[in-house]
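>>> any chance you can model this:
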Amino acid sequence: MRRMHRCNFKRLIILLIFIISLIVNITYILHLVFDKSFVRKPIQLVTDSGSYKPRVATIEVRSSKDVIEVKVDGIPVVSSKDSTDESSRGIHVVVLNEATAKVMSHRVFDTYSPHQDEAMILFLNLVSAGRILVFSIKDEGSFQLKKSARLLLQGLGSQLSGQLYWRDAWAMVTRKGLSGRDGLPYVEGRHSTPSLMEWADPVVLEGYVPLVPNSIPICPAAWPPNDASTHRRRAFCSAVEGYGSICSCEHPAPITFEPGELPTPDHLADVPVAVMASNRPQYLYRMLRSLLSARGAKPSSVTVYIDGTNNLEVVEVAKLFGVGWEEHTPLGDSVNSRISQHYKSSLDIIFSKQPSARFAIMLEEDLDVSLDFFTFFNQLVPVIREDASVYCVSAWNDLGYEHSVGDPTMVYRVETMPGLGWLLSSALYRRELEPRWPGPDKDWDWDQWMRLPAVRKARECLVPDVSRTYHFGSTGANLNPYFQETYFKKHAINKAVDVVLKDVDKLSEFEYENLLIELIKSSTLLDHSTYPCASDYFPEYSGKSYVLYIAMSDETDFSSWKHLAACLRIWDIDIRGVHKSAWRLFINQNHLVVIGVPASPYSELKPDDVIPVRFQSTSITVAATD
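Just a heads-up that it's a prediction; the model follows:
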């Protein structure tokens with residue numbers, strides 16, 4: 001009896017082992033069937049003996065305070081050794097092709113700063129299934145790495161991302177699965193910092209990643225054969241990653257646009273459009289989609305000028321949209337001088353290649369443009385062509401925030417050069433700017449130099465009340481997410497189509513003075529005895545225009561204006577948007593003119609019994625002036 005029980009027990013154990021083995025094998029088979037990243041078999045290479053072996057890439061990755069580096073089969077493919085600024089801090093994500101192990105994308109997310117983890121989530125969700133992902137932290141990458149980002153990393157196979165803390169070193173090599181939540185990690189490592197004042201020891205990993213057969217999607221239904229855009233799309237999608245629906249077989253995002261032509265006369269027919277770019281391909285992608293959707297856009301007129309000769313992804317983005325591109329060898333002893341020389345080199349090429357062009361439009365890779373961007377410039381070319389007092393035409397209003405604009409048909413004259421989408425004449429560049437342009441040894445911002453009185457020579461730029469560009473970039477040489485959030489995020493951009501500008505015939509030097517004097521005379525005087533920064537100081541919408549006089553001893557005394565600008569939540573870092581010591585904007589949809597007294601010539605229009613508002617250095621008060 002005892003022997004029978006013992007025998008039955010053994011049979012039960014064997015049966016349980018068999019069932020468990022069967023479940024494990026079925027699970028493994030189902031995983032192979034449903035996870036497309038494992039459906040493709042590794043490349044088989046024939047050896048001398050006739051046998052086959054899978055092709056494997058050796059991937060090395062380093063994470064440390066000062067350096068991240070990725071090597072494939074011993075060859076460095078990504079390195080931050082040459083970059084010491086904040087632009088390389090955070091989590092580096094390198095996407096490798098699963099068949100060739102070539103770099104398809106390299107992004108840096110400064111997850112020490114706000115919202116960069118959200119950008120990383122968006123990017124990783126756009127990466128196709130099956131791609132090899134390499135992660136590495138340089139300096140610090142945990143401070144703003146929130147739970148949602150950590151969960152995504154865990155879905156990609158990480159077992160350590162939930163434990164990342166201040167100044168830890170961390171690296172991982174994984175493969176993205178079909179759902180984005182079933183990644184296959186090959187190797188991962190983390191070192192903890194010994195104290196808050198120190199950095200962790202470097203993490204150096206080596207992983208062996210099996211590659212798969214090379215296959216490019218044909219997509220016959222959605223990608224028309226023998227079509228130029230299809231050839232560009234295929235070339236792009238085989239070389240670059242992280243652009244989502246651009247490479248979709250079912251619903252590919254458009255790369256050609258039909259925005260329509262400008263109304264006649266077309267003053268921009270021979271005007272080249274330059275897009276200044278560095279190594280921010282995702283910004284350039286967004287920018288070109290916006291630009292080529294604007295009425296009057298012509299890909300043949302657009303050239304991307306790239307600072308550097310090794311920004312392959314930037315070149316691929318330019319090729320995708322069928323626009324021209326030029327690469328420059330960087331010059332300059334500092335970041336500012338390098339950018340300055342990049343602008344000069346680009347302007348040299350623009351007017352050398354098109355010597356008959358009288359004007360050029362300058363843009364940057366981190367700008368959206370409005371649908372009437374070219375329509376706006378087309379209406380103002382006659383003004384700058386005929387009026388020597390006009391320095392440039394800009395699509396950007398430095399003071400144009402969502403709460404401080406009100407009329408997309410309105411244009412101002414201002415003494416500052418706003419940039420961020422602007423038109424200049426070839427005569428200005430060739431005769432004045434080019435001979436005096438700061439050399440590569442000068443650590444100067446090119447736009448600040450152009451604003452100098454000795455360069456500007458009392459000329460003014462034309463700007464819209466509602467901007468025709470929007471600055472979306474949160475990372476760059478002189479930019480960080482905090483600055484973008486504080487000074488650019490709430491900027492307004494025109495959403496109306498084919499806006500007809502008002503009083504274009506009154507934008508010449510003398511006509512504009514008459515227009516402004518009449519505006520001031522017809523405006524309602526605000527209460528100068530109360531606190532202008534109070535929430536209820538400015539009237540609710542009435543459709544009227546108002547005037548406010550502030551103390552300004554001379555044309556360089558901006559203390560009162562800067563205090564007012566700060567409490568109005570508009571640009572207050574330096575002085576922008578000024579015209580003869582006066583400013584124009586909208587508050588509560590009412591047009592407001594602010595006049596500095598006695599500096600502005602419009603002070604003569606102030607009633608004698610009105611005392612200008614003076615803002616003290618430590619507090620804002622109302623005080624009498626002499």
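>>> tally of neighbours for the nearest residue to residue 305 once chain neighbours are set aside?
Of all residues not flanking residue 305 in the chain, residue 346 sits nearest, at 4.0 Å (C-beta to C-beta, 6 or more residues apart in numbering). Backbone N, C-alpha and C define where each C-beta goes, glycine included. Residues near residue 346, counting by other C-beta atoms under 10 Å, number 23.
>>> phi, psi for residue 346 please.
When read as degrees, to the nearest 10, the backbone of residue 346 gives phi -70, psi -40.
>>> again with the one 5 residues further on
Backbone torsions for residue 351, taken as degrees, to the nearest 10, come to phi -80, psi -10.
>>> mind checking how far it is from residue 390?
Using C-beta to C-beta, to the nearest Å, residue 351 is found at 19 Å from residue 390.
>>> what's the answer for residue 235, then?
Using C-beta to C-beta, residue 235 is found at 43 Å from residue 390.
>>> and if you look at residue 263?
From residue 263 over to residue 390 (counting by C-beta to C-beta), the distance is 22 Å.
>>> and those two? Which one has more around it.
residue 390 (21 against 13).
>>> shouldn't the more buried one be in contact with residue 458?
No - with contacts counted by C-beta atoms under 8 Å, residue 390 stays clear of residue 458, the gap being 11.4 Å.
>>> identify the contacts common to the two.
Residues touching both residue 390 and residue 458 (C-beta atoms under 8 Å, 6 or more residues apart in numbering): none.
>>> what's the weakest-modelled helix or strand in the protein?
Ranked by mean pLDDT, DSSP states H and E, the helix or strand of the chain with the weakest confidence is helix 36-39, at a mean of 30.
>>> list the contacts of the residue nearest to residue 305.
Counting by C-beta under 8 Å, 6+ apart, residue 346 touches 274, 276, 305, 326, 328.
>>> is the fourth one in contact with residue 303, as I believe?
In other words, residue 326. Yes - with contact defined as C-beta under 8 Å, residue 326 reaches residue 303; the gap is 6.2 Å.
>>> so for the two, which residue has more residues nearby?
Set residue 326 next to residue 303 and count neighbours by other C-beta under 10 Å: residue 303 wins out with 21 against 16.
>>> over to the residue nearest to that one when sequence neighbours are not counted: give its phi and psi.
Computed as C-beta to C-beta, 6+ apart, the closest residue to residue 303 that is not its neighbour in sequence is residue 324, at 3.9 Å. With angles defined as degrees, to the nearest 10, residue 324 sits at phi -80, psi 160.
>>> check the one 3 residues further on too.
Backbone torsions of residue 327, given as degrees, to the nearest 10, read phi -110, psi 140.
>>> the one 5 residues further on too?
In terms of degrees, to the nearest 10, the main-chain angles of residue 332 are phi 120, psi 150.
>>> how far away is residue 163 from residue 142?
Going from residue 163 to residue 142 by C-beta to C-beta gives 10 Å.
>>> how about residue 225, secondary structure?
Secondary structure assignment for residue 225 (DSSP: H, G, I helix; E, B strand; the rest coil): coil.
>>> and stretch 496-515, how far apart are its ends?
One end of stretch 496-515 to the other measures 25 Å (C-alpha to C-alpha, to the nearest Å).
>>> how about it: buried residues?
By 16 or more other C-beta atoms under 10 Å, the buried positions in stretch 496-515 come out as 499, 501, 504, 506-508, 512-513.
>>> pretty sure residue 384 sits against residue 427.
No - judged on C-beta under 8 Å, residue 384 makes no contact with residue 427 at a distance of 10.5 Å.
>>> quick one: which of these two has more around it?
residue 384 (24 against 12).
>>> do you know how far that one is from residue 400?
Using C-beta to C-beta, residue 384 is found at 20 Å from residue 400.
>>> now residue 290
Residue 290 sits 18 Å away from residue 400, going by C-beta to C-beta.
>>> so these two - more neighbours on which side?
Applying other C-beta under 10 Å to residue 290 and residue 400 shows that residue 400 carries more neighbours, namely 26 against 21.
>>> list the residues that contact that one.
Residue 400 sits next to 464-467, 491-492, 585 when contact means C-beta under 8 Å, 6+ apart.
>>> the stretch 301-450 of the chain: strands as residue ranges?
Assigned strands in the stretch 301-450 of the chain, in chain order: 302-307, 324-328, 359-364, 367-369, 390-394, 411-414, 422-425 (criterion: DSSP state E, counting those that start in this stretch).
>>> closest to residue 228 out of the ones you listed?
Shortest distance between residue 228 and the strands of the stretch 301-450 of the chain, using C-beta to C-beta, is found for strand 324-328: 15.0 Å.
>>> state the mean pLDDT of that closest one.
The average pLDDT for strand 324-328 rounds to 95.
>>> ok, now stretch 609-616?
What stretch 609-616 shows for mean pLDDT is 90.
>>> again, but for stretch 183-203
Taken as a whole, stretch 183-203 has a mean pLDDT of 93.
>>> what residues does it touch?
Here stretch 183-203 has contacts from 37-38, 59, 62-65, 67, 133, 136, 139, 155-160, 163-177, 204-209, using C-beta under 8 Å, 6+ apart.
>>> and for residue 270, nearest residue in space, chain neighbours not counted?
Nearest non-adjacent residue to residue 270 (C-beta to C-beta, 6+ apart): residue 357, at 5.4 Å.
>>> that neighbour: neighbouring residues, count only.
Number of residues near residue 357 (other C-beta under 10 Å) recorded here: 15.
>>> measure it to residue 476 for me?
Distance, residue 357 to residue 476, by C-beta to C-beta: 28 Å.
>>> next: residue 241.
Distance from residue 241 to residue 476, by C-beta to C-beta: 23 Å.
>>> so where's the stretch 201-350 of the chain shaky on pLDDT?
215-221 (pLDDT under 70).
>>> buried sites along stretch 568-578?
In terms of neighbour count (16+ other C-beta under 10 Å), stretch 568-578 has its buried residues at 568, 570-572, 575-578.
>>> nearest to residue 247 among those residues?
residue 571 (39.6 Å).
>>> next, count neighbours for residue 604.
10.
>>> per-residue confidence for it?
96.
>>> go ahead and flag the most central residue of the protein.
Among the residues of the chain, the one closest to the centroid is residue 473, at 2.6 Å (C-alpha atoms, centre = their mean).
>>> so for stretch 151-171, mean pLDDT?
For stretch 151-171, mean pLDDT is 95.
>>> that stretch: how far from the chain's middle?
Mean-position distance between stretch 151-171 and its chain equals 27 Å (C-alpha atoms, centre = their mean, to the nearest Å).
>>> can you give me the end-to-end span of it?
Length of stretch 151-171, first residue to last, C-alpha to C-alpha: 16 Å.
>>> with stretch 65-77 instead?
For stretch 65-77, the end-to-end distance is 19 Å (C-alpha to C-alpha).
>>> likewise stretch 527-539?
10 Å.
>>> same check, this time on stretch 593-613
This stretch, stretch 593-613, spans 14 Å end to end (C-alpha to C-alpha).
>>> before we move on, back to that, compare residue 163 and residue 142 (neighbour count), which wins?
The neighbour comparison of residue 163 against residue 142 (other C-beta under 10 Å) goes to residue 142, with 21 against 13.
>>> identify the residues contacting the residue nearest to that one when sequence neighbours are not counted.
Counting by C-beta to C-beta, 6+ apart, residue 142 lies nearest to residue 164, which is 4.4 Å off, once chain neighbours are set aside. By C-beta under 8 Å, 6+ apart, the contact set of residue 164 is 137, 141-142, 145, 150, 170, 190.
>>> which one of the residues you listed is nearest to residue 87?
Nearest to residue 87 out of those is residue 141 (C-beta to C-beta; 13.7 Å).
>>> now do the contacts for the closest one.
Applying C-beta under 8 Å, 6+ apart to residue 141 gives the contacts 89-91, 109, 111-112, 164, 168, 170.
>>> try it again at 7 Å.
90-91, 111-112 (C-beta atoms under 7 Å, 6 or more residues apart in numbering).
>>> any idea how far residue 69 is from it?
Per C-beta to C-beta, residue 141 is found 16 Å from residue 69.
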